[in-house]
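> Need coordinates for the below:
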Amino acid sequence: MLIERIYDEDLAQASYLIGCQANGTAVVVDGRRDIAVYQDLARKNGMKIVAVTETHIHADYLSGTRELAAATGAKIYVSGEGGPDWQYGFDGERLYDGDTVTIGNISIQAVHTPGHTPEHLSFLVTDGAFSDQPGYLLSGDFVFSGDLGRPDLLDEAAGGVDTRFEGA
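From the prediction side, this is the model:
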C-alpha cells in the first residue's frame, strides 16, 4: 500500500492519496481544488485514480472532488449521514456508517463520526495484503493527536444554536 499525505500549510488542510500497488489503483481523500498534485503523484507511482471521497462538507477550502473525478473518471463517494440538511448538493455514491470502498487490496471503511459536522465520516484503512485489521484512521479535521476538531463552527458559520455542546 502507498499512502501519501498532502498538506497545505496555508489552509492547514491534509488530504491523502492511498494506492494499491498490486493493481495500480488509488483513491484520494479530501482533495483540494488544485488537482495536479494528485494526478502527478498517481502518475509517478504508476497508478490510476479510481475513487475520490470526502470526510465532510468543507467550509474552509474549495474541494477538488468533482474536478478530480471529471479529470480521471473516478467514482465519487460522499457521506449520506447527517440528515436532510447535511447532504451533498452533487451526485456521488452515498456512504453510511460501516460501508466499505475497496480498491485492489485496500479497504476503506466509513465510520460516522458527527461532531465537527453532522455528516462527518472518518475512514478506517486496511491493507488486506498484510492484515485483516485497519492500520490507519483518517479523521478529516476531527481527531488530532491530543485534540479534537472544533465542534463550534456550526454555530459560527451555519447559524446553529448551541450545536457545539452536542458536537463535543
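> Going by C-alpha atoms from here, please, whenever you check contacts or count neighbours.
OK.
> okay, now residue 52: neighbour count?
25 (other C-alpha atoms under 10 Å).
> can you tell me which residues contact it?
27-31, 65, 68-69, 74-77 (C-alpha atoms under 8 Å, 6 or more residues apart in numbering).
> who's it bridged to?
Note on residue 52: beta-bridge partners residue 28, residue 76, judged by DSSP bridges.
> and the gap between residue 81 and residue 138?
From residue 81 over to residue 138 the distance is 17 Å, taken as C-alpha to C-alpha, to the nearest Å.
> Could you pick out the buried ones from the contacts of residue 52?
When those are checked for burial by 16 or more other C-alpha atoms under 10 Å, the buried set is 27-31, 65, 68-69, 74-77.
> Residue 4: which of these is nearest?
Proximity of the buried ones among the contacts of residue 52 to residue 4 (C-alpha to C-alpha) peaks at residue 28, which lies at 9.6 Å.
> Just list the residues touching that closest one, thanks.
15-18, 38, 49, 51-53.
> Now pLDDT and distance to residue 45 too, for the contacts of residue 52, in a markdown table please.
Formatted as a markdown table, those follow (pLDDT from 0 to 100; distance: C-alpha to C-alpha, whole Å):
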| residue | pLDDT | distance to residue 45 |
| --- | --- | --- |
| 27 | 98 | 13 |
| 28 | 98 | 14 |
| 29 | 97 | 17 |
| 30 | 94 | 20 |
| 31 | 94 | 18 |
| 65 | 95 | 20 |
| 68 | 97 | 17 |
| 69 | 98 | 19 |
| 74 | 98 | 17 |
| 75 | 98 | 20 |
| 76 | 98 | 22 |
| 77 | 98 | 23 |
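> Can you convert the residues you listed into JSON lines and add a column each for distance to residue 8?
Below are those laid out as JSON lines (distance: C-alpha to C-alpha, whole Å):
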{"residue": "27", "distance to residue 8": "18"}
{"residue": "28", "distance to residue 8": "15"}
{"residue": "29", "distance to residue 8": "14"}
{"residue": "30", "distance to residue 8": "12"}
{"residue": "31", "distance to residue 8": "11"}
{"residue": "65", "distance to residue 8": "16"}
{"residue": "68", "distance to residue 8": "17"}
{"residue": "69", "distance to residue 8": "20"}
{"residue": "74", "distance to residue 8": "23"}
{"residue": "75", "distance to residue 8": "24"}
{"residue": "76", "distance to residue 8": "22"}
{"residue": "77", "distance to residue 8": "22"}
